[in-house]
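K.L.:
quick one, structure for this:
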Amino acid sequence: VNIKLKDEAFLTNRERAIDYLNTRDQLYVIDAFAGWCETYRIKIRVITSRAYHALFMQNMLVMPTPEQLKDFGHPDFIIYNAGCFPANRYTSGMTSSTSVCVHFQRREMVILGTEYAGEMKKGILTLMMYAMPMKMQLPLHSSCNVGREKGDVTLFFGLSGTGKTTLSADVNRDLLGDDEHVWSDTGVFNVEGGCYAKAIDLTHDNEPEIFDAIRFGAVLENVVFDSSTRVVDYHDTSVTENTRCAYPLSHIPNSIIPAVVDTHPSNVVLLCCDAFGVLPPVSVLDPDQVQYYFISGYTAKVAGTEQGITEPTATFSACFGAPFLVWHPVVYAEMLSHKIQKHKCTAYLLNTGWIGGGYGEGKRCSLKYTRKMIDAMHDGTLKAMVDDGEHNFDTLPLFNLKVPKSLPGVPEHILYPKDGWEDKEKFDATLTKLAKLFEQNFQEYADRCPQSVREAGPQVE
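P.N.:
Predicted coordinates for the structure are as follows:
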C-alpha cells in the first residue's frame, strides 16, 4: 500500500489504461462532485468500461443538477478505470498485474487489474486527504450525525468492527454521512453522495436501514445470490468476507440532503474495540490526549473476525485511516485538536469491546449501554460532569484516562474496567501489556509531536 511510483511508470500505466478503454465499443463517463460544499467540492470525471462501476460512482459521488452539468467544464480530477485489463507487472516499479495509481500533480487516477469498485472511492478519499489540508480544511475518515432538535453535530472515528456505522445510525438523529467528511471553516460536509456498507450477515433485524436501502439503483458487490430467485445470501462468504452494498443517501430516510451543515461539531468520538478488556467503555479526552489517540488509531482483532487470530491482537492505523493519509499524521491531528479547542468541542474515547475480562473471558459491552453513553454525550450530561469538576471521574492508571463514576442507565461496575475483573492482578498485567503496545506504536510519530502529546499517552516505568 502507498508505494511510490516514478512518473514514467505512472504514464506507462495511464497509456495502457487509455489504450484499453479506446478498444471498447461503449464507455461510461460520469461527471460529478466530491463534496457537498460548493466552496470546497472537487469536480471528478470517471471513465470506465463497466456499467456497474459507473452506477457505483453515481451513488458515491454528488451528482450535479442539469444546470451544473451544463457548466461543469474541465474536471479537477480524472479516474481512468480499466480494471478489466491487467497492468504489465514487468513495468519498472510494478510488482503485480494489479495497479491502482494516483498522481496528485496530474490530478489523475489509473486502475488496472482489479474490478473492485471500492478502489475508486478510496482514491477520492486519498485525494481529499491531500487537497483539503492545503486549503486549511480538515478531511476526516469518519461518520457524522446531527441532532434532530438541537442541530448538534457528532463525529465518529473508528476502524472496522468498532461500531462507527451502527452508532452513527440513531433514531433520534439525522445522518450526514457514514464514512468521509470535511470539517471546514463553516461547519461539516459529506464528501460522498452515498454509503458503502458491509453486507456480510446482513439481515433486516440487525441493520434495517441498510437492508431497506438495497433496492433499485443500489449496487451489490461480491455477494452470492440464487440465479433462479435472485435472492441474495448475505451469509455466503465463498467469494470474500468483503461483501458490500453501495446506495445513494436518498435511500436512507433520515439522511440530510444536501449533506452539509453550517454547525461545528459538539462531540468527537474516537471508537475502539478493545478485546483485551482493560480500556473503559467511555472516557473524556483532553486536547493532547485527542491528538495521541487519534494518531494511534487503536482497535484489536480477535478470532472469528480475522483468519488465524487466536488471541487479541492490537491494531493501529494512524488517524483511523492510515492507507489514505498523504501528509504526516501529526498534520491532521494538530488540525483536529485546534478545531476542537476553537469550537469548544468535547472529545471522548469510546470502547465498544470487552468488559469483565478480555476476549474469551469477558463479554462484549452491550450495545444498549454504549448507546446510553452516547445519549449522555448528546444530552449534555457528560459535558456537565466535566464542567463540574474532577470529583465526577476516576482515573485509569498508566493511561491517565478520565472515567465517569456514574451515568444514567449504565451499571457502575461497567464503567471502571477493573471492577468487572475477578483476577485483579491479571487486569493490571494486561493493562501494562496494552500500554507498552501503545508506546511501541507511537515511537514512529514521537519526534514530530510536542512533549505534551507524547506524555498524553500511556506511561510505563
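K.L.:
now the closest residue to residue 333 other than its chain neighbours: how far from residue 129?
P.N.:
Residue nearest to residue 333 in three dimensions, not counting chain neighbours: residue 291, with 4.3 Å by CB to CB, 6 or more residues apart in numbering. For every residue, glycine as well, the C-beta is placed using N, CA and C. With distances taken as CB to CB, to the nearest Å, residue 291 is found 17 Å from residue 129.
K.L.:
so for these two, which sits in the more crowded spot?
P.N.:
Using other CB atoms under 10 Å, the more surrounded residue of residue 291 and residue 129 is residue 291, with 30 against 22.
K.L.:
ok so, going back, quick one, phi psi at the residue nearest to residue 333?
P.N.:
phi -60, psi -40 (degrees, to the nearest 10).
K.L.:
packing partners of the strand ranked longest in the chain?
P.N.:
As assigned by DSSP state E, the longest strand anywhere in the chain is strand 138-147. Applying 3 or more CB pairs under 8 Å, 6 or more residues apart in numbering; DSSP states H and E, one finds that strand 138-147 contacts helix 118-134, strand 153-157, helix 164-168, strand 173-177, strand 180-183, helix 329-342.
K.L.:
quick check: which element contains residue 372?
P.N.:
Following DSSP states H and E, one finds residue 372 within helix 367-378.
K.L.:
other SSEs contacting that helix?
P.N.:
By 3+ CB pairs under 8 Å, 6+ apart, helix 367-378 packs against strand 153-157, helix 164-168, strand 265-272, strand 346-351, helix 381-388.
K.L.:
and the helix or strand of the chain with the lowest mean pLDDT, how far out from the chain middle?
P.N.:
For the chain, counting by mean pLDDT, DSSP states H and E, helix 164-168 ranks last in confidence among helices and strands (a mean of 88). Computed by CA atoms, centre = their mean, to the nearest Å, the chain-centroid distance of helix 164-168 equals 10 Å.
K.L.:
ok, and for that helix, which residues are buried?
P.N.:
By neighbour count with 16 or more other CB atoms under 10 Å, helix 164-168 contains the buried residues 164, 165, 166, 167, 168.
K.L.:
from memory residue 89 sits against residue 97, does it?
P.N.:
Yes. Between residue 89 and residue 97 there is a contact at 5.1 Å, judged by CB atoms under 8 Å.
K.L.:
mind listing what the closest residue to residue 273 other than its chain neighbours touches?
P.N.:
Distances taken as CB to CB, 6+ apart place residue 353 nearest to residue 273, at 4.1 Å, with adjacent residues excluded. Taking CB atoms under 8 Å, 6 or more residues apart in numbering, we find residue 353 in contact with 272, 273, 274, 275, 276, 277, 279, 299, 300, 364, 365.
K.L.:
nearest spatial neighbour of the third one, skipping sequence neighbours?
P.N.:
Taking CB to CB, 6+ apart, and ignoring the residues beside it in sequence, residue 274 has residue 353 as its nearest neighbour in space, at 3.8 Å.
K.L.:
what about that neighbour, distance to residue 38?
P.N.:
Distance of residue 353 to residue 38, computed by CB to CB: 40 Å.
K.L.:
torsion angles phi and psi at residue 448?
P.N.:
Dihedral angles for residue 448 - degrees, to the nearest 10 - are phi -100, psi 0.
K.L.:
just the one 3 residues further on next, same as before
P.N.:
Recorded main-chain torsions at residue 451 are phi -60, psi -40, according to degrees, to the nearest 10.
K.L.:
could you count how many residues lie near residue 375?
P.N.:
Residue 375 has 17 nearby residues by other CB under 10 Å.
K.L.:
read off the pLDDT value for it.
P.N.:
Note on residue 375: pLDDT of 96.
K.L.:
same check, this time on the one 3 residues further on
P.N.:
Reading off the per-residue confidence, residue 378 sits at a pLDDT of 97.
K.L.:
do residue 95 as well
P.N.:
In this model, residue 95 carries a pLDDT of 86.
K.L.:
then residue 82?
P.N.:
Reported pLDDT for residue 82: 98.
K.L.:
distance of it relative to residue 188?
P.N.:
Going from residue 82 to residue 188 by CB to CB gives 35 Å.
K.L.:
how about stretch 262-278 as PDB, C-alpha atoms only?
P.N.:
The C-alpha coordinates for stretch 262-278 follow below in PDB (Å, rounded to 0.1, in the frame of the first residue of the first chain):
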ATOM      1  CA  ASP A 262     -23.100  25.200   9.000                       C
ATOM      2  CA  THR A 263     -22.700  24.000  12.600                       C
ATOM      3  CA  HIS A 264     -19.400  22.900  14.100                       C
ATOM      4  CA  PRO A 265     -19.300  19.600  16.000                       C
ATOM      5  CA  SER A 266     -20.100  19.500  19.700                       C
ATOM      6  CA  ASN A 267     -18.800  16.000  20.200                       C
ATOM      7  CA  VAL A 268     -15.900  14.000  18.700                       C
ATOM      8  CA  VAL A 269     -15.900  10.300  19.400                       C
ATOM      9  CA  LEU A 270     -12.800   8.100  18.900                       C
ATOM     10  CA  LEU A 271     -14.100   4.500  18.800                       C
ATOM     11  CA  CYS A 272     -12.100   1.400  19.600                       C
ATOM     12  CA  CYS A 273     -12.900  -2.300  20.200                       C
ATOM     13  CA  ASP A 274     -10.600  -3.300  23.000                       C
ATOM     14  CA  ALA A 275     -10.500  -7.100  23.000                       C
ATOM     15  CA  PHE A 276      -8.000  -7.000  25.900                       C
ATOM     16  CA  GLY A 277     -10.900  -5.800  28.100                       C
ATOM     17  CA  VAL A 278      -8.900  -3.100  30.000                       C
END
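K.L.:
list the buried residues in that stretch.
P.N.:
264-278.
K.L.:
try stretch 103-120
P.N.:
So for stretch 103-120, counting by 16+ other CB under 10 Å, buried means 107-114, 116-120.
K.L.:
quick check: closest non-adjacent residue to residue 323.
P.N.:
That would be residue 1: by CB to CB, 6+ apart, it lies 5.0 Å from residue 323.
K.L.:
correct me if wrong, but residue 283 is in a strand.
P.N.:
Yes. Counting by DSSP: H, G, I helix; E, B strand; the rest coil, one finds residue 283 located in a strand.
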